[in-house]
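Asker: Turn this into a model:
(chains A and B)
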Amino acid sequence: ILNVEQSPQSLHVQEGDSTNFTCSFPSSNFYALHWYRWETAKSPEALFVMTLNGDEKKKGRISATLNTKEGYSYLYIKGSQPEDSATYLCAAYNFNKFYFGSGTKLNVKP
Amino acid sequence: ETGVTQSPTHLIKTRGQQVTLRCSSQSGHNTVSWYQQALGQGPQFIFQYYREEENGRGNFPPRFSGLQFPNYSSELNVNALELDDSALYLCASSLLTGQGYNEQFFGPGTRLTVL
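Answerer: You can find the predicted model right below:
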């Protein structure tokens, strides 16, 4: 079993603030790291899949980095908007199994 | 919308019964994964099917079993239901290629309540 941890558990920010969350995972036997956004009453939506140490990916105001040697990934949101309110999940993948963290719940106040 | 559908949306069963949940993959995808999500937790990986064969399994007992069909749709079967099986069950489809793992597309989930 691979232990994936996310912090913080929840986050409240004002519209326009920039924010970031952390996903930690064991650095050995790593294959890929996935980020998902899960809005209430919807399905989880894939944001990024990263595999290489030093990977950086960007989609609009959201970006992510990956450090496989130390076992962490950061997700950044620039200029948060109320529509960014959701739970952000990361999942590590190896040996044909996915291991999800418990998520960071983001609330962006207008 | 991802194109992944699940049925039923909600289901109520009693302890000891058996249940079958269904998932239709997104067109072109060859892999389906099933997850159990209890309140306040992240999704727990049950198993994954690739081209009709189980390709990986999480820490779930054998009473959780599955099938993948030639059209890549899938079923999750749970026997001898227990109260702790009450959860949201998600399926996700993806395309697994020689280049590695691609993003997963999730269905809306089936909410199972065991009384």
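
Asker: Count residues in the vicinity of residue A:21, would you?
Answerer: Using other Cβ atoms under 10 Å in any protein chain shown, residue A:21 has 23 other residues around it. Quick note: C-beta positions are derived from backbone N, CA and C, even for glycine.

Asker: Residue A:59 versus residue A:27, what's the distance?
Answerer: Note on residue A:27: its distance to residue A:59, by Cβ to Cβ, to the nearest Å, is 25 Å.

Asker: For chain B, which residues are neighbours of chain A?
Answerer: Residues of chain B lying close to chain A (Cβ under 8 Å from any Cβ of the partner chain) are B:2, B:4, B:33, B:35, B:40-45, B:48, B:55-59, B:90, B:92, B:100-109.

Asker: Just the buried ones from those residues?
Answerer: B:2, B:4, B:33, B:35, B:42-45, B:48, B:55-56, B:58, B:90, B:92, B:101-109 (16 or more other Cβ atoms under 10 Å in any protein chain shown).

Asker: Helix, strand or coil: sort out residue A:70 for me.
Answerer: Assigned with DSSP: H, G, I helix; E, B strand; the rest coil, residue A:70 falls in the coil class.

Asker: What number of residues are in the vicinity of it?
Answerer: By other Cβ under 10 Å, 8 other residues sit near residue A:70.

Asker: same thing with the one 4 residues further on?
Answerer: By the measure other Cβ under 10 Å, the count of residues near residue A:74 is 16.

Asker: what's near enough to touch the closest residue to it other than its chain neighbours?
Answerer: In space, and not counting its chain neighbours, residue A:74 is closest to residue A:65: 5.0 Å by Cβ to Cβ, 6 or more residues apart in numbering or on different chains. Residue A:65 makes contact with A:54-56, A:73-74, A:76, according to Cβ atoms under 8 Å, 6 or more residues apart in numbering or on different chains.

Asker: Show me which of those is closest to chain B.
Answerer: Comparing the contacts of residue A:65 against chain B with Cβ to the nearest Cβ places residue A:55 closest, at 12.7 Å.

Asker: Could you tell me how far residue B:79 is located from residue B:86?
Answerer: 15 Å.

Asker: What of residue A:37?
Answerer: To residue B:86, residue A:37 is 25 Å away according to Cβ to Cβ.
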